[in-house]
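Trainee: Quick check, what structure comes out for this input:
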Amino acid sequence: MNSATAIEAFLEMMSAERGASANTLEAYRRDLDDAAAGIGGLADASSSDIRAYLDTIAARGFAASTQARKLSALRQFYRFLYAEGLRGDDPTGTAMAPRKSAVLPKILSEAETGRLLDRAAEEAATAPPGMSQVATTRMHALIEVLYATGLRVSELVGLPVEVAQRDQRFFMVRGKGGKERMVPLTEKARAAMTAWLSARARDAAAVESPFLFPAASESGHLPRQVFARDLKGLAARAGIRAARVSPHVLRHAFASHLLQNGADLRAVQQLLGHADISTTQIYTHVLEERLVRLVNEHHPLAD
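Mentor: The predicted structure is shown next:
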């Protein structure tokens, strides 16, 4: 089997059996195509070929996290070939991933997040000059739901309209790998979605869409890039530097603010849809800060 055929077979398996999203499949394709260009016969590569390729991408200046991601893609590719009987070994078995430095997620404070939500609510009530009431009502619903649930941006923009029509305190969302999880909705988020449903109903084309946030795009729903751009504009109008704000930053804010206010790390893991607790442990700095505060405030010898 040549490398191109092997890559296509692997991607087909990831899509059919593991429910990988289009973005995930494209990321695997890029990494495997890069490796194929660097190694040559990727499907038949040896352990020394893999080590030489890893040395090459390190020399090209890729960050440790990117090197680790590329190695992970190769590991999964060769495990697939081994499982299918297309290879008798895994050449990545002895390859060592570079150590990644701990990078703390960017977050907004509770006060800053409050300013962002308040600004969205104000604009939804009275659209600023040059902005449509429909656009501001949609943004208010998007940001309230995002902060209330901690959804991934792809999960948020792809929500089905039934989520808002049911008006329930919880709903099920399908995340990575097709796994479902239950997420809560605050009263404010439910109210913002109800207002958006009313605005959405005035658009005949939107009414027929299965998506809560429909758009004339290839996917049929609001593109995540458009939401990210509009969110930065909202942040600037709220007096927050646009570079500090993104949908993922609000997801981090959701998790960090829960932990700061006493939530359990395992509960946050479930709400975020992390398969492994180690992914959620990037927030342990929040727990450490909370423990220090508890000791300083309540230990009899803290003074």
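
Trainee: what sits up against the helix or strand hosting Glu8?
Mentor: Taking DSSP states H and E as the criterion, Glu8 maps to helix 3-18. Applying C-beta atoms under 8 Å, 6 or more residues apart in numbering, the external contacts of helix 3-18 come out as 1, 20, 24-25, 28-29, 32-33, 36, 41-43, 76-77, 80-81, 84, 86, 177-178. C-beta coordinates here come from the backbone N, C-alpha and C atoms, glycine included.

Trainee: 10 Å instead, please
Mentor: Contacts to helix 3-18, defined as C-beta atoms under 10 Å, 6 or more residues apart in numbering, come from residues 1, 20-22, 24-26, 28-29, 32-33, 35-37, 39-45, 73, 76-81, 83-84, 86-87, 176-178.

Trainee: Please indicate which of the residues you listed are buried?
Mentor: Neighbour counting by 16 or more other C-beta atoms under 10 Å classes 20-21, 24, 28-29, 32, 35-36, 39, 42-45, 73, 76-78, 80-81, 86-87, 176 among the contacts of helix 3-18 as buried.

Trainee: Skipping adjacent residues, who's closest to Ala243 in space?
Mentor: In space, and not counting its chain neighbours, Ala243 is closest to Lys232: 7.9 Å by C-beta to C-beta, 6 or more residues apart in numbering.

Trainee: Would you mind giving the domain segments of the protein?
Mentor: 3-83, 110-293 (automatic domain parsing).

Trainee: now Arg51: how far from Thr92?
Mentor: From Arg51 across to Thr92, the span is 9 Å (C-beta to C-beta, to the nearest Å).

Trainee: Neighbour count: these two, which is higher?
Mentor: Thr92 (22 against 15; other C-beta atoms under 10 Å).

Trainee: what sits against that one?
Mentor: Thr92 touches 45, 47, 50-51, 54, 71-79, counting by C-beta under 10 Å, 6+ apart.

Trainee: next one: Lys70
Mentor: If you count contacts by C-beta under 10 Å, 6+ apart, then Lys70 has 30-32, 34-35, 38, 53-54, 57, 62, 97 around it.

Trainee: Swap in 8 Å and give it another go.
Mentor: Residues counted as contacts of Lys70 (C-beta under 8 Å, 6+ apart) are 31, 34-35, 54, 57, 62.

Trainee: again, but for Pro91
Mentor: Counting by C-beta under 8 Å, 6+ apart, the residues that Pro91 touches are 45-47, 49-50, 78.

Trainee: Let me have these in CSV, extended by distance to Phe10, secondary structure and pLDDT.
Mentor: Below are the contacts of Pro91 laid out as CSV (distance: C-beta to C-beta, whole Å; DSSP: H, G, I helix; E, B strand; the rest coil; pLDDT from 0 to 100):
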residue, distance to Phe10, secondary structure, pLDDT
Ala45, 14, coil, 90
Ser46, 19, coil, 90
Ser47, 19, helix, 90
Asp49, 18, helix, 90
Ile50, 16, helix, 90
Tyr78, 9, helix, 92
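
Trainee: Which single one of those residues is nearest to Ser209?
Mentor: The closest of the contacts of Pro91 to Ser209 turns out to be Tyr78 (C-beta to C-beta; 41.5 Å).

Trainee: Sweet, I'm off.
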